[in-house]
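[1] Have a look; sequence and predicted model below, questions after that.
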Amino acid sequence: MIRFDAGRRQGGLIETAERKMLHRADSYDALVADFRWQGLSGFHNIADIVADRWAEREPDRVCLEYFHPDGHHCRWSYGELRAAANRLASGLQAAGVSRGERLAILLPQSFETVVAHVAAYKIGAIAVPLALLFGPEALEYRLRHSGARAIVVDGAGLEKLAAVRENLPELRLVIVAGDAKAAAGVRDSLSLESLLAAGSDTFQTARTTASTPALMIFTSGTTGPPKGALHGHGVLAGHLPGIQFAHEFMPRPGDRMWTPADWAWAGGLLNALLPALALGVPVVASRAQKFDGHTAFRILSGMQVRNAFIPPTALRLMKAVEAPARRYDFRLRSVSSAGEPLGRDTFEWARRELGVSVNELYGQTECNAVIASCAALGVSRPPAIGKPVPGHRVAVLDRFGSPAPVGEAGEIAIERPDPVMFLGYWEDEAATTARFSGDWLLTGDQAVVDEDGYIGFVGREDDIITSSGFRIGPGEIEDCIAAHPSVAMVAVVGRPDPVRTEIVKAFVVLRDGVEASDELAREIAGQVRSRLSAHEYPREVEFVADLPMTTTGKIVRRELRARTSHGPEEG
């Protein structure tokens, strides 16, 4: 029932009821009942789905467009993508990169990034995307842990790599994009341009199955050291229902996808880039590393973006742009969001100012896009995330492993087998085993289910605050505080307390021009007390310049808990 491409079903991969989806005439329950996965056991290579098939049918079809602030936009076709990926794959293979080896990719959003991914899949190698914001130590950890044989970097990445290169004996090949002179001065290095020039336009893509390793994405490390989550080639097929559900039955004429998320993150790569390429939807790329609300709106309007994946943190920063619809000519059709709870305040702002209902997506690096909203189908009830995406079996389980009663918190779990589920943590069988209870992948995320089956996020198990016998999730409190006109960002944690076990403490980043004061702190706490509950209001409010975040925009609450004082409480 999920449409796989613009024209027809491909290879019997997904059972469709295409007419019903396109006309949006069916209920959610009917879509779930009709859904069937088909052909996954014989699934071919991701490179075939995102490049070769389109290049064979429509070589001139646009696959990527690059936004430049000066208006000098570039575009590439599927035919160009296939040719470049073939040349790079043959060059990498000649340089000694073979099936099963890890190819790290440290590049901004660019055509070269897509080419590197597709070339890795064609060889049968494992792509290891790395975030631009990583420092040398973070890079060293991930390159060492993955045992990467080769890496594709630009000049900026090369500077970081130089500081740790001697500590990485397994890294034998450095491929430098865009700077041939820099490549000449680095041991065991080649310029990307030279590999492309020497490579062949034809290449025999490796035969793979859904469970053949294709991609290693490191977890964000919110609850411990990052782990390499290994995915097979079937992970892309597994994502398509969730992405199409959250993007109002994409593809449609005129669709064009953009995300500010780094393509190294599961959200940027698997919630935007690869699914859009698979569906024949042009992807807009931008090299901007520091997110800015005005730049985001310039991209939306200048590139005629119709579909966007925008994490909650970015949406909240976009709220600082006053009356955006009067200042920018954007025409969004669908927006999805994931990574942190969106919150009712941000949802209402987007519906009012962007003209769309943001559809939330839920998942983890290990098992992504399994719960979603779809406003066009009537599946939208903020602040709930949504309902299980057709094709995925999701439950909220109590501590005994049974479905939690309506309205009572339990742990989100996903049943295997599932095509989006990871194959395991790289070289860590014990950690992989610990994530499962029988056939259920335990997420560690607490949620509640209402009487209509909507799943509402409560918080990570580690983030739950126990105060005076109450179990309190931070999300609802953060949403309430974020609605205050002086607040730009907020995070809530529990501070140890000898009487109440813990008290609620809020770390607040104020909007530009707002002065911190005790009076404002009391006002913020009072807003929570009056709108939510007396046991949920923050007894401490600390104003901070910024919040610790992962490269994916998630708040690292464990760092905030470590910073909490043990002084006398307020109130």
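    That came through fine. Numbers count the residues shown, from 1 in each chain.

[2] Every contact and neighbour count from this point should use C-alpha atoms.
    Will do.

[3] ok, residue 326 to residue 348 distance?
    18 Å (CA to CA, to the nearest Å).

[4] between those two, who's got more neighbours?
    residue 348 (16 against 9; other CA atoms under 10 Å).

[5] Where does the more buried one sit: helix, strand or coil?
    Of the three states, residue 348 takes helix under DSSP: H, G, I helix; E, B strand; the rest coil.

[6] Let the chain start at 718 from now.
    That works, and once the first residue is 718, the last one we named lands at residue 1065.

[7] what residue ranges in the chain are flagged as low confidence?
    For the chain, applying pLDDT under 70 flags the ranges 718-742, 756, 758-760, 896-902, 938-941, 1005-1006, 1178, 1185-1188, 1268-1270, 1282-1288.

[8] which strands and helices sit next to the lengthiest helix in it?
    Taking DSSP state H as the assignment, the helix of the chain that covers the most residues is helix 795-811. Helices and strands touching helix 795-811, by 3 or more CA pairs under 8 Å, 6 or more residues apart in numbering; DSSP states H and E, are helix 770-774, strand 779-783, helix 828-840, helix 909-915.

[9] Can you show me the helices along the stretch 968-1117 of the chain?
    Assigned by DSSP state H, counting those that start in this stretch, the stretch 968-1117 of the chain shows helices spanning 983-985, 991-995, 1010-1019, 1029-1035, 1041-1044, 1061-1070.

[10] Show me what the first one is in contact with.
    Just to be clear, that refers to helix 983-985. 934, 976, 977, 978, 979, 1026, 1055, 1056, 1082, 1085 (CA atoms under 8 Å, 6 or more residues apart in numbering).

[11] ok, so of the residues you listed, who is nearest residue 1267?
    Nearest to residue 1267 out of these is residue 1056 (CA to CA; 10.5 Å).

[12] State the three-state secondary structure for residue 1148.
    Relying on three-state DSSP, one would call residue 1148 helix.

[13] tell me, how many neighbours does it end up with?
    The burial count for residue 1148: 13, using other CA under 10 Å.

[14] Let me see the contact set for it.
    residue 1142.

[15] What degree of burial does residue 926 show, as a neighbour count?
    For residue 926, the neighbour count with other CA under 10 Å is 18.

[16] wait, isn't it in contact with residue 951?
    Yes: with contact defined as CA atoms under 8 Å, residue 926 and residue 951 form a contacting pair (7.2 Å).

[17] What's the separation between the most centrally placed residue in the chain and residue 1079?
    Centroid-nearest residue in the chain: residue 984, 1.4 Å away (criterion: CA atoms, centre = their mean). Separation of residue 984 from residue 1079 (CA to CA): 10 Å.

[18] if I look at the two, which residues touch both of them?
    Shared contacts of residue 984 and residue 1079 (CA under 8 Å, 6+ apart): 1055, 1056.

[19] Just to check, residue 1029 is in contact with residue 1061?
    No: contact criterion CA under 8 Å: residue 1029 and residue 1061 do not qualify, at 11.2 Å.

[20] Show me the protein divided up by domain.
    788-949, 1181-1280 (automatic domain parsing).

[21] and the last one, how far apart are its ends?
    For domain 1181-1280, the first and last residues are 17 Å from each other (CA to CA).

[22] same check, this time on the first one
    The stretch domain 788-949 measures 38 Å between its terminal residues, going by CA to CA.

[23] Now find how far off-centre it is within its chain.
    In terms of CA atoms, centre = their mean, to the nearest Å, the centre of domain 788-949 is found 19 Å from the chain centre.

[24] How are the strands of the stretch 818-967 of the chain distributed by residue range?
    Remark: strands assigned in the stretch 818-967 of the chain by DSSP state E, counting those that start in this stretch are 819-823, 843-846, 867-870, 890-893, 906-908, 930-935, 945-949.

[25] Redo those as CSV? Include distance to residue 762 and mean neighbour count.
    Output for these, formatted as CSV (distance: least, CA to CA, whole Å; neighbours: other CA atoms under 10 Å):
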stretch, distance to residue 762, mean neighbour count
strand 819-823, 16, 28
strand 843-846, 12, 27
strand 867-870, 21, 26
strand 890-893, 24, 24
strand 906-908, 26, 21
strand 930-935, 9, 26
strand 945-949, 10, 25
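
[26] Export those strands as a markdown table, with columns for distance to residue 801.
    As requested, these are exported to a markdown table (distance: least, CA to CA, whole Å):
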| stretch | distance to residue 801 |
| --- | --- |
| strand 819-823 | 16 |
| strand 843-846 | 17 |
| strand 867-870 | 15 |
| strand 890-893 | 15 |
| strand 906-908 | 14 |
| strand 930-935 | 19 |
| strand 945-949 | 23 |
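
[27] I'd like to know which of those strands is closest to residue 1271.
    strand 930-935 (14.0 Å).

[28] Quick one: list the elements packing against the closest one.
    Applying 3+ CA pairs under 8 Å, 6+ apart, one finds that strand 930-935 contacts strand 843-846, strand 945-949.

[29] Can you lay out the ones you listed as a markdown table showing distance to residue 887?
    Below are those laid out as a markdown table (distance: least, CA to CA, whole Å):
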| stretch | distance to residue 887 |
| --- | --- |
| strand 843-846 | 14 |
| strand 945-949 | 17 |
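
[30] Can you say which of the ones you listed is nearest to residue 1231?
    Among these, strand 843-846 sits nearest to residue 1231 (CA to CA), with 38.7 Å.

[31] circling back: tell me the buried residues in the longest helix of the chain?
    When neighbours are counted by 16 or more other CA atoms under 10 Å, the buried residues of helix 795-811 are found to be 795-810.

[32] Contact partners for the nearest residue to residue 781 once chain neighbours are set aside?
    Closest residue to residue 781 apart from its sequence neighbours, by CA to CA, 6 or more residues apart in numbering: residue 1000 at 4.8 Å. Applying CA under 8 Å, 6+ apart to residue 1000 gives the contacts 780, 781, 782, 973, 974, 975, 990, 993, 994.

[33] how far away is residue 1000 from residue 1130?
    32 Å.
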